[in-house]
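Undergrad: Quick one: sequence and predicted model below, then my questions.
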Amino acid sequence: MIQSVDGRILYVNSAWRERLGYSEEEVAKLNLFDIIHPDCKEKVSARWKQVMSGEKVGQLKAELITKQGNKIWVEGNANCKFVEGIAVANRGIFRDITKRMQAEEALRQSEANLAEAQKIAHVGSWIFDVVTKTMSWSDEMFRIYGMYPRLSAPTYAEQLQHVHYQDRKKWEKKFNKAIADGEAYELDFRIVRPDGSIRHINGRGECICNEAGVVQRILGTAIDITERKQMNAALRYQKLQTERLLHNILPARIAERLKKAQSAIAESFNDVTVMFADIVGFTEISARISPTELVELLNLIFSKFDRLSELHGLEKIKTIGDAYMVVGGLPVPHSDHAEAIAKMALDMQEGLSEFNAENDEALQIRIGINSGPVVAGVIGTKKFIYDLWGDTVNTASRMESHGIPGTIQVTASTYELLRDKYQFTARGPINIKGKGEMTTYLLTGQLSEAVQSDR
């Protein structure tokens, strides 16, 4: 293309005439600036003046308008011809770079869309060049790591300087193994940002190898999973609290069965020992103190009993007003159920004496004990409770209600299980409501090892 000093087109080869869509006659009537896109005119005008003044300029890139109104991109060099120091024409060789410019624009748009998508999805991306040890980060990657984007990509060493990895050895081991094996990897790790905040990160990477199988680059992503980790931790804590509450209400084995959606649980146990304890004169006590004080008093006493039941490996069943019910030998059967109950009963008397001394009270308890078979389980669909049924339970309750304040009354069946290790006083036959005449005994203490060995 040749133009006059005022920009009139003097010559355009046939290839460019066809590209621009003008005939030879039409070209002769055109000025260069007639076909320059308005967005490029200022830049082209400035370069034109440089060329016409004799300056050497680099390649010129401009957007032209064809006769049909289409836009095309051209790139090339121009130089001015001088005659006796006077500029007479401008000559240029240009090539069509429209497809390249469209591809570059599409790439820029794609990268912009990817960056926006990463921002929305909170996914950072990076490329690590194994040869040059440089890392290229996306803007979202910098945001996740709490760092400001820099003009140059951080090197691997610089990255480690700016971000403190709490699990660095684990991270580096897996990262280096991925490079050595050419494999993909994924792991969770923690970082400490420059502001001191700790974030949990999920990192993934994939190796790009050359034809010889040598890793050249690693492409990776990073996702901030701190909130997810915190939520999972909160859920685990809530689950633990729920299970702890459930296990406080039900035996662990029964709780596990209920979690498996069993609607009703019932088991028979042939040999257990049941104990009921009742505070003597509770009605009179409740009349002289406030409800709050009454509940606090019961809580102090029953908390002592709870610790004793745990100490002796027994299962607390429930409290009914001022009555306390505990059993030995279930839900996991054990042969020393009667002895464990006897030890707890004696400890309960001692514990109540300590409570009286500490709180200036004169409380007494009646305790009733019986041994035999029971049915145990959970019924219903709301407010679950692990409970016992059977004549053994009823008789143990009668032992308490027909007992003497401050004593431990047991049936003959319990006496037979404990007679070789514990002291008893025979109370003799007494009339028990609903049972008739029964022989009962009062448990008074434990025999010494020497006496036990003589029996």
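TA: Perfect, thanks for sending it. Numbers count the residues shown, from 1 in each chain.
Undergrad: tell me the domain ranges of the protein?
TA: 2-96, 120-228, 250-454 (automatic domain parsing).
Undergrad: Go through those and name the closest to Glu105.
TA: domain 2-96 (9.8 Å; C-beta to C-beta). (Each C-beta comes from the backbone N, C-alpha and C, glycine too.)
Undergrad: can you put the domains of the chain in JSON lines and add mean neighbour count?
TA: Formatted as JSON lines, the domains of the chain follow (neighbours: other C-beta atoms under 10 Å):
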{"stretch": "domain 2-96", "mean neighbour count": "14"}
{"stretch": "domain 120-228", "mean neighbour count": "15"}
{"stretch": "domain 250-454", "mean neighbour count": "17"}
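Undergrad: Format those as JSON lines; extra columns: mean pLDDT.
TA: Output for the domains of the chain, formatted as JSON lines (pLDDT from 0 to 100):
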{"stretch": "domain 2-96", "mean pLDDT": "81"}
{"stretch": "domain 120-228", "mean pLDDT": "78"}
{"stretch": "domain 250-454", "mean pLDDT": "88"}
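Undergrad: Redo the ones you listed as CSV? Include distance to Thr242.
TA: What follows is the domains of the chain, written out as CSV (distance: least, C-beta to C-beta, whole Å):
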stretch, distance to Thr242
domain 2-96, 67
domain 120-228, 21
domain 250-454, 10
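Undergrad: can you pull the contacts of Asp96?
TA: Arg19, Ile72, Trp73, Val74 (C-beta atoms under 8 Å, 6 or more residues apart in numbering).
Undergrad: Tell me which of those fall in helices.
TA: Arg19 (DSSP state H).
Undergrad: between the contacts of Asp96, which is closest to Pro333?
TA: Distances from Pro333 to the contacts of Asp96, taken by C-beta to C-beta, are shortest for Trp73, at 90.0 Å.
Undergrad: quick one: what helix or strand has the residue nearest to the closest one when sequence neighbours are not counted in it?
TA: Of all residues not flanking Trp73 in the chain, Met101 sits nearest, at 4.2 Å (C-beta to C-beta, 6 or more residues apart in numbering). Using DSSP states H and E, Met101 falls within helix 98-121.
Undergrad: so after that helix, what's the next helix or strand?
TA: By DSSP H and E, the next helix or strand past helix 98-121 is strand 123-129.
Undergrad: Tell me which residues are up against that following strand.
TA: 114, 117-118, 134-138, 140-145, 156, 205, 216-223.
Undergrad: Keeping just the C-alphas, turn that strand into CSV.
TA: Extracted in CSV, the C-alpha atoms of strand 123-129 (Å, rounded to 0.1, in the frame of the first residue of the first chain):
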residue,chain,number,x,y,z
VAL,A,123,-11.8,-21.8,43.6
GLY,A,124,-8.3,-20.6,43.2
SER,A,125,-6.0,-22.0,40.4
TRP,A,126,-2.3,-22.1,39.9
ILE,A,127,0.4,-23.4,37.6
PHE,A,128,3.8,-24.5,38.9
ASP,A,129,6.6,-24.7,36.3
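Undergrad: partner strands of that strand, parallel or antiparallel?
TA: strand 134-137 (antiparallel), strand 215-224 (antiparallel) (DSSP bridges).
Undergrad: Next up, the contacts around Thr292.
TA: So Thr292 contacts nothing (C-beta under 8 Å, 6+ apart).
Undergrad: What about it? Give its phi and psi, please.
TA: Thr292 adopts backbone torsions of phi -60, psi -50, taken as degrees, to the nearest 10.
Undergrad: can you check Ile341 too?
TA: Dihedral angles (degrees, to the nearest 10) for Ile341: phi -70, psi -40.
Undergrad: rewinding a little: relative to Lys239, which of the domains of the chain is closest?
TA: Nearest to Lys239, of the domains of the chain and by C-beta to C-beta, is domain 250-454 at 10.8 Å.
Undergrad: if I pick the residue lying closest to Ile279 once chain neighbours are set aside, what's in contact with it?
TA: Nearest-residue entry for Ile279: Asp322, 4.3 Å, with adjacent residues in sequence omitted and distances by C-beta to C-beta, 6+ apart. Applying C-beta under 8 Å, 6+ apart to Asp322 gives the contacts Asp278, Ile279, Phe282, Leu298.
Undergrad: which ones among the residues you listed are found in strands?
TA: Asp278, Ile279 (DSSP state E).
Undergrad: Closest one to Val332 out of the contacts of Asp322, please.
TA: Of the contacts of Asp322, the one sitting nearest to Val332 (C-beta to C-beta) turns out to be Asp278, at 27.1 Å.
Undergrad: so who does that closest one touch?
TA: Per C-beta under 8 Å, 6+ apart, neighbours of Asp278: Asp322, Ala323, Tyr324, Ile365, Arg366, Ile367, Glu400, Ser401.
Undergrad: Next: Trp16.
TA: Met1, Phe94.
Undergrad: Helix, strand or coil: sort out it for me.
TA: Using DSSP: H, G, I helix; E, B strand; the rest coil, the structure places Trp16 in helix.
Undergrad: re the thing from before, could you dump the strands paired with strand 123-129 to CSV with distance to Ala62?
TA: As requested, the strands paired with strand 123-129 are exported to CSV (distance: least, C-beta to C-beta, whole Å):
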stretch, distance to Ala62
strand 134-137, 31
strand 215-224, 36
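Undergrad: Can you tell me which of those strands is nearest to Gly182?
TA: Going by C-beta to C-beta, the one of the strands paired with strand 123-129 nearest Gly182 is strand 215-224, 5.2 Å.
Undergrad: After the closest one, which helix or strand is next?
TA: helix 226-249.
Undergrad: which element is Asp271 on?
TA: Going by DSSP H and E, Asp271 is in strand 265-279.
Undergrad: what residue is smack in the middle of the chain?
TA: Asn232 (2.1 Å; C-alpha atoms, centre = their mean).
Undergrad: That one and Leu245, how far apart?
TA: Computed as C-beta to C-beta, to the nearest Å, the Asn232 to Leu245 distance reads 20 Å.
Undergrad: Lys239 and Pro405: what is the separation?
TA: On the measure of C-beta to C-beta, Lys239 and Pro405 end up 45 Å apart.
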